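Trainee: I'll drop the sequence and a predicted model, then ask my questions.
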Amino acid sequence: MAVIRLEDKAEEQSTYAVKAEFFDHDGTAVTPTTVQWTLKDSLHDNVINERSAVSVTPASSVYIVMSGDDLALTAEEEAGLLPGERFLSIYAVYNSVDLGNSLPLRKECVFEIENEGNV
């Protein structure tokens, strides 16, 4: 699965929103039955701020909103030893008219957190 790199940077300890839209295999917008997201650090294995399997009200388009400690840099990131990046994984389940029910959708994106000391 390709990871989408978002161009907009998040400001450290601020608020950052990612818009997720859901489509069937033929490009038709769908409303999933469930939507969840997980936020991990640049090592891609450490969950940030207990943001694992966070539920969102399903819609064909949703905003994943992160703020405060979701966007806090670690000491290693502040020191430049690790990149100040976050990986956002979005998981959804939807029903398709053509392909069946309870089908999984998964997308992942990465974004950079701008160190407030460098602003």
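Mentor: The structure has been received and is ready for your questions.

Trainee: buried set for stretch 69-87?
Mentor: 70-71, 73, 77, 84-87 (16 or more other C-beta atoms under 10 Å). The way it works is simple: take the backbone N, C-alpha and C, and place the C-beta from them, glycine included.

Trainee: please report how far the residue lying closest to residue 82 once chain neighbours are set aside lies from residue 33.
Mentor: Using C-beta to C-beta, 6 or more residues apart in numbering and skipping the chain neighbours, the partner closest in space to residue 82 is residue 76 (4.4 Å). Separation of residue 76 from residue 33 (C-beta to C-beta, to the nearest Å) stands at 39 Å.

Trainee: other residues contacting the least confident helix or strand in the chain by mean pLDDT?
Mentor: Lowest by mean pLDDT, DSSP states H and E among the helices and strands of the chain is helix 75-78, with a mean of 84. Identification of contacts with helix 75-78 by C-beta atoms under 8 Å, 6 or more residues apart in numbering yields 42, 82-84, 113, 115, 117.
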